[in-house]
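> how would this look folded up:
(2 chains)
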Number of protein chains: 2
Amino acid sequence: MPRVTALPTEPPIAVFDSGVGGLTVLHECLVSLPHEDFLYLGDTARFPYGNRSAPELRGFAFELADILLEHGAKLLVVACNSATAAALPDLREHLHGRVPVVGVVKPESRRAADVTRSGAVGLIATPATVASGAYERALAGASDGAARLTSVAAPDLASLIQAGGEVDQVTVDCVERACAPLRAAAVDTVILGCTHYPLVRPILQRALGRGVEIVTSGQAIAAEVEAELERDGLTADPHRRGMYRFLSSGDPDEFRRLGTRFLQLPVARVGHVQVAPAPAGTVAA
Amino acid sequence: MPRVTALPTEPPIAVFDSGVGGLTVLHECLVSLPHEDFLYLGDTARFPYGNRSAPELRGFAFELADILLEHGAKLLVVACNSATAAALPDLREHLHGRVPVVGVVKPESRRAADVTRSGAVGLIATPATVASGAYERALAGASDGAARLTSVAAPDLASLIQAGGEVDQVTVDCVERACAPLRAAAVDTVILGCTHYPLVRPILQRALGRGVEIVTSGQAIAAEVEAELERDGLTADPHRRGMYRFLSSGDPDEFRRLGTRFLQLPVARVGHVQVAPAPAGTVAA
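Next up is the predicted model:
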């Protein structure tokens, strides 16, 4: 008979992002790994990461990873496209293999390669992510070149979602515009290449039509985290109930307000963490 | 290459409920059958149905079904536990087989019987639904007596969800209380026997633990509707994009305000429909 024990503390799985978008990744992890503890760090003081240079982002990633390891993290999830693209291999090196590191892009691409039947895969992402070609390379690698990627840049969708408010026709029209080229390309699988997009998943599913499989970073990463924990013997007792908590480099109240909508679970306490100021001359628009 | 044609009008699938709860059923139908048209009727003027007598509910169901057939409905979904329990066989008789009628309870029970591996199935529902024994009978029928049902009455959960507001610890605690006996019974499948509950599905999934399959009315009904349409040759052209609209017997603005949260898709126009007043002496508390 399953029994849920009170917590003995467990080293947490740490997730970091430039803001609250990565909470959709944490959401999937919390739902599929309820026995694990999680610690989320939103670097809202330096949000957004989109226009920052790669060296700068590597510096941020090292700094955040060090903070999270001081909090006892047993595995690190980089739930941010910009940081993953700029810093992932260097971050692994920086950490000298002390903890496993899971980033975005590769998990979704592997999952898309697994689920596509026709080999025609779609991607909806921000212009920067599409321009980076990261998903194209990862999908080619994951499918041995068998899958073809049709990419659509959606310039406004993430900010529409971040702004919140009622789901309305403006959002539906924006989603329809993004999905039209994917329908035309007859894709059977679509990667959501931005952590904000799962919040409008029902609209996306209607726009893509039935039978099209949607792959999110959250689901793919949750599966990857689980596999990684098992591989390294780091899995927590499956009968315990995990807890989760938050750190923000910006205003904790603002994080909490925005975060609840992205997490779809209560956001109780948000702690503040001090990070280095963004170097002068960089755009934080 | 799939192409989405502009609408030629299609007879709609009609869904009715005492209020907005059935919109979680419509949600699943809209996501999995985007090529069909839907017409939803919320009988908010006579909400709630919970304390009404069976003869009264049969009268309501006949009246609403007649309105929906006047609007050209090709299939009728009764997305309301009370109306299904009180009226389903009589409603089918009332309609003389003019359109197929799909209710709640049986589709979820069949699905639960299909997905359970251990035969230990759980139910969370309102006290009235649990007391009716409807799911117990339906599950016994669907599994040839092989599945055992552990039922939990959650007196406050639906009203907590209806009240809305931020997902908080009060909701989590309420969900935890409901799930504790189901964990103790080691169920591997849980039926959500109230259309409000899918709105807190992530909290339920965490409380039930990993590997427990959640069965919602919406998913089960969407599958049943699809099968029924195919059986009767009523399926719309899968390349068209369907539309959906709303009727309310109460205040359309109030319906729209509450409804958007339950539907998770835009609620554009809500029409008003006149129904007979609730008979004197009945409780509409």
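> quick one: mean pLDDT for the helix or strand in which residue A:179 is found?
Per DSSP states H and E, residue A:179 falls inside helix A:169-184. Per-region confidence: helix A:169-184 scores 96 on mean pLDDT.
> contacts only, for the one residue in the stretch 101-250 of chain A that gets nearest to chain B.
Nearest residue of the stretch 101-250 of chain A to chain B, counting by C-beta to the nearest C-beta: residue A:206, 4.4 Å away. Just so you know, the C-beta spots here come from the backbone N, C-alpha and C atoms, and that holds for glycine as well. By C-beta atoms under 8 Å, 6 or more residues apart in numbering or on different chains, residue A:206 lies in contact with B:30, B:31, B:34, B:265.
> also near chain A: which of those, exactly?
B:30, B:31, B:34, B:265 (C-beta under 8 Å from any C-beta of the partner chain).
> how about the residues you listed, which pair is most distant?
B:34 and B:265 (10.5 Å; C-beta to C-beta).
> who wins on neighbours among the ones next to chain A among the contacts of residue A:206?
Most neighbours among the ones next to chain A among the contacts of residue A:206, by other C-beta atoms under 10 Å in any protein chain shown: residue B:30, with 25 neighbours.
> could you pull up phi and psi at it?
Dihedral angles of residue B:30 (phi, psi; degrees, to the nearest 10) stand at phi -70, psi -40.
> is it correct that it is in contact with residue B:244?
Yes. Look at residue B:30 against residue B:244 with C-beta atoms under 8 Å: they come within range, at 6.1 Å.
> mutual contacts of the two, please.
In contact with both residue B:30 and residue B:244: residue B:38, using C-beta under 8 Å, 6+ apart.
> I'd guessed residue A:11 sits against residue A:73; true?
Yes. Using C-beta under 8 Å, residue A:11 is in contact with residue A:73, at 6.7 Å.
> these two: who's more crowded?
With neighbours defined as other C-beta under 10 Å, residue A:11 and residue A:73 compare such that residue A:73 has more, 23 against 16.
> pLDDT of the host helix or strand of residue A:77, averaged?
Assigned by DSSP H and E, residue A:77 falls within strand A:75-78. For strand A:75-78, the mean pLDDT works out to 98.
> what pairs with that strand, parallel or antiparallel?
Partner strands for strand A:75-78, per DSSP bridges, with pairing direction: strand A:13-17 (parallel), strand A:101-103 (parallel).
> just the C-alphas of the first one, formatted as CSV.
Yep, that's strand A:13-17 we're talking about. What follows is strand A:13-17, C-alpha atoms only, in CSV (Å, rounded to 0.1, in the frame of the first residue of the first chain):
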residue,chain,number,x,y,z
ILE,A,13,16.5,19.4,-8.5
ALA,A,14,17.3,23.0,-9.5
VAL,A,15,15.7,24.7,-12.4
PHE,A,16,16.7,28.2,-13.6
ASP,A,17,15.4,30.6,-16.2
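> hmm, who's touching it?
Here strand A:13-17 has contacts from A:22-23, A:25-26, A:29, A:33, A:36-43, A:61, A:64-65, A:68-69, A:71, A:73-80, A:83, A:195, A:225, A:229, using C-beta under 8 Å, 6+ apart.
> do the last one as well
The contact list for strand A:101-103, computed with C-beta under 8 Å, 6+ apart, reads A:65, A:75-78, A:83-84, A:88, A:91-92, A:95, A:221, A:224-225, A:228.
> tell me the buried residues within those residues.
With burial judged by 16 or more other C-beta atoms under 10 Å in any protein chain shown, the buried subset of the contacts of strand A:101-103 is A:65, A:75-78, A:83-84, A:88, A:91-92, A:95, A:221, A:224-225, A:228.
> for those residues, which one is nearest residue A:131?
Minimum distance to residue A:131 across those is 14.9 Å, recorded for residue A:84 (C-beta to C-beta).
> any stretches of the stretch 51-200 of chain A with poor pLDDT?
Counting by pLDDT under 70, the stretch 51-200 of chain A shows no low-confidence range.
> hey, where'd the strands end up in it?
A:75-78, A:101-103, A:120-125, A:148-153, A:189-192 (DSSP state E, counting those that start in this stretch).
> Throw those strands into TSV and include distance to residue B:145, thanks.
Formatted as TSV, these follow (distance: least, C-beta to C-beta, whole Å):
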stretch	distance to residue B:145
strand A:75-78	45
strand A:101-103	46
strand A:120-125	45
strand A:148-153	51
strand A:189-192	41
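> quick one, what contacts the nearest residue to residue A:46 once chain neighbours are set aside?
Spatial nearest neighbour of residue A:46, excluding adjacent residues (C-beta to C-beta, 6 or more residues apart in numbering or on different chains): residue A:278 at 4.9 Å. Contacts for residue A:278 (C-beta under 8 Å, 6+ apart) come out as A:45, A:46, A:52, A:56, A:284.
> nearest to chain B among those residues?
residue A:45 (24.1 Å).
> follow-up on the earlier one: can you list the residues that contact the strand holding residue A:77?
By C-beta under 8 Å, 6+ apart, strand A:75-78 touches A:13-17, A:22, A:25, A:29, A:61, A:65, A:68-69, A:84, A:87-88, A:91, A:95, A:99-104, A:221, A:225, A:228-229, A:234.
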